[in-house]
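**Q** Sequence first, predicted model second:
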Amino acid sequence: MKPYVRFQLSLMMFLEFFIWGGWFVTLGTFLGNNLEATGAQSAMAFSTQSWGAIIAPFIIGLIADKFFNAERILGVLHLAGAFLMYQMSQTTDFAAFYPYVLGYMIAYMPTLALVNSVAFRQMKNPSKDFGWIRVFGTIGWIVAGFAISLLGWDSQEGIQEGLLSNTFTMTAIASAILGVFSFLLPKTPPVKSDKEQSLIEKTGLSSITMLKNKNFLIFFISSILICIPLAFYYQNTNPFLTELKMENPTLKQSIGQISEVLFMLLLPVFLLRFGIKKTLLFGMIAWVLRYLLFAFGNADELSFMLIIGIALHGICYDFFFVSGQIYTDSKAGSDNKSAAQGLITLATYGVGMLIGFWVAGQITDTYLIGELHDWRTIWVYPAGFAALVFLFFLIAFKNEKIEYKGEKV
């Protein structure tokens with residue numbers, strides 16, 4: 001790959017995830033403090049991610065893959081996102097905010113597949129090159145968190161002054177930059193195929209036949225169920241840390257992304273040493289431990305428990321979701337791999353998270369006492385649920401070998 005193209009793709013990934021991390025992490029705190037949203041309303045806002053994930057395959061499968069260059073539709077979606085993000089920064093009540101965040105996520109979620117499409121088409125050896133390009137996305141997310149905390153927008157004073165609205169302005173500017181920059185990316189026209197695909201094939205639903213395999217069905221169900229406790233993390237962690245008056249909460253949450261990079265490097269070691277079932281189980285039990293640490297930690301002498309809970313993100317995400325993608329790829333046929341990944345994404349970020357955000361909102365509202373939350377009780381719920389999913393998978397999923405890096409694991 002030419003150095004200039006590598007730079008373009010790296011900057012594209014950096015901006016793509018800088019944009020996501022620049023507002024989504026602090027969204028719960030913004031909603032509660034700036035818009036006085038209830039837990040149920042926060043759940044509605046976070047659920048827009050799921051609606052975007054559900055709609056995204058139709059945008060990509062029926063429009064981008066057939067009629068337009070990927071880099072052009074990427075640019076249009078980010079320019080539209082810049083406008084919607086700016087409008088979000090100007091809202092003062094939830095009723096006005098919700099249509100904008102819904103429109104934004106419907107525009108943003110398809111871009112996650114589009115940046116991958118643009119990147120893969122420029123690579124001669126994706127298995128070698130993609131990781132080095134994708135890591136700039138994680139760096140972008142981390143930089144966004146650092147910026148929010150260093151500028152004091154998530155400090156107690158900043159929150160009281162309503163400065164979290166600046167996150168949307170910052171993100172709108174980044175989205176506009178990526179929107180314009182996208183038109184300068186390498187041309188990525190639709191791939192012409194001799195075979196006309198049906199609607200079901202284009203949206204990835206053709207891979208639903210994989211569910212006939214009992215082991216894959218157990219994995220599929222577990223993937224949806226584990227997203228219910230996952231939603232608690234995305235929706236509640238920043239408001240939780242803020243309510244405990246932890247300093248620089250958004251910066252501290254970036255430890256989770258740093259951990260994600262480190263455990264991604266360790267993932268092959270675990271897969272080769274312990275196999276796919278145990279690696280997936282490690283990921284699930286990490287969710288239980290994380291939420292127990294959140295439940296019994298505090299921002300004072302037990303603050304280390306909260307930091308460890310955040311740092312477990314690498315195991316929670318990489319060992320289950322990335323391992324799950326590897327498992328899915330191994331079970332899919334050669335002509336069904338993209339569709340299979342689309343099905344899992346639809347099930348997790350779509351259906352699973354949609355249920356999870358609703359559950360998290362209901363439980364959070366139930367344990368609101370005055371202006372504060374009973375966080376210990378709130379966090380016990382996802383810990384218990386993750387433990388049940390762990391036991392279900394442990395008992396129901398039969399150990400099996402898959403092909404990974406040329407070896408059976």
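**A** All right, it came through fine. Numbers count the residues shown, from 1 in each chain.

**Q** list the contacts for the residue positioned nearest the centre of the chain?
**A** Computing the C-alpha centroid of the chain and ranking residues by CA atoms, centre = their mean puts Tyr349 first, at 7.5 Å. For Tyr349, the contacting residues are Gln49, Ser50, Ala53, Met109, Cys227, by CB atoms under 8 Å, 6 or more residues apart in numbering. No exception for glycine: its C-beta is placed from N, CA and C like everyone else's.

**Q** So of these, which two are at opposite extremes in space?
**A** For those, with distances taken as CB to CB, the pair at the greatest spread is Met109 and Cys227 (15.1 Å).

**Q** Stretch 366-377: which residues count as buried?
**A** Going by neighbour count (16 or more other CB atoms under 10 Å), the buried part of stretch 366-377 is Tyr367, His373, Trp375.

**Q** Now the last one, what are its backbone angles?
**A** Summarising the backbone geometry of Trp375 under the convention degrees, to the nearest 10, its torsions are phi -70, psi -30.

**Q** Can you name the residues that contact it?
**A** Trp375 neighbours (CB under 8 Å, 6+ apart): Phe240, Glu243, Leu244, Phe294, Ala295, Tyr367.

**Q** Narrow these to those in helices?
**A** In this view, the contacts of Trp375 that belong to helices under DSSP state H are Phe240, Glu243, Phe294, Ala295.

**Q** How many neighbouring residues does the first one have?
**A** The burial count assigned to Phe240 is 23, neighbours taken as other CB atoms under 10 Å.

**Q** Show the model's pLDDT score for the closest residue in space to it that isn't next to it in sequence.
**A** Excluding the flanking residues, the one nearest Phe240 by CB to CB, 6 or more residues apart in numbering is Trp375, at 5.5 Å. On the pLDDT scale, Trp375 is placed at 97.

**Q** got it, and the one 10 residues further on?
**A** pLDDT recorded at Phe385 is 98.

**Q** buried ones in the helix or strand where it lies?
**A** Element membership for Phe385, per DSSP states H and E: helix 375-396. Using 16+ other CB under 10 Å as the test for burial, helix 375-396 gives 375, 378-383, 385-387, 389-390, 392-393.

**Q** ok, those residues vs Leu262, which is closest?
**A** Ala386 (21.9 Å).

**Q** since we're on Ile177, how many residues are nearby?
**A** 16.

**Q** Would you confirm that it contacts Leu15?
**A** Yes: judged on CB atoms under 8 Å, Ile177 makes contact with Leu15 at a distance of 6.5 Å.

**Q** Please report phi then psi for Gly152.
**A** Backbone geometry at Gly152, expressed as degrees, to the nearest 10, gives phi 80, psi 10.

**Q** my read: Thr48 touches Leu102, true?
**A** Yes: counting by CB under 8 Å, Thr48 touches Leu102, with 4.6 Å between them.

**Q** what about the closest residue to Phe14 other than its chain neighbours, which helix or strand?
**A** Spatial nearest neighbour of Phe14, excluding adjacent residues (CB to CB, 6+ apart): Gly140 at 4.0 Å. Element membership for Gly140 (DSSP H and E) is helix 126-150.

**Q** Go ahead and name everything in contact with that helix.
**A** With CB under 8 Å, 6+ apart as the criterion, helix 126-150 contacts 1, 6, 9-11, 13-22, 25-26, 115, 119-120, 123, 154-155, 167, 170, 248-254, 257-258, 260-261, 264.

**Q** All good on my end, thank you.
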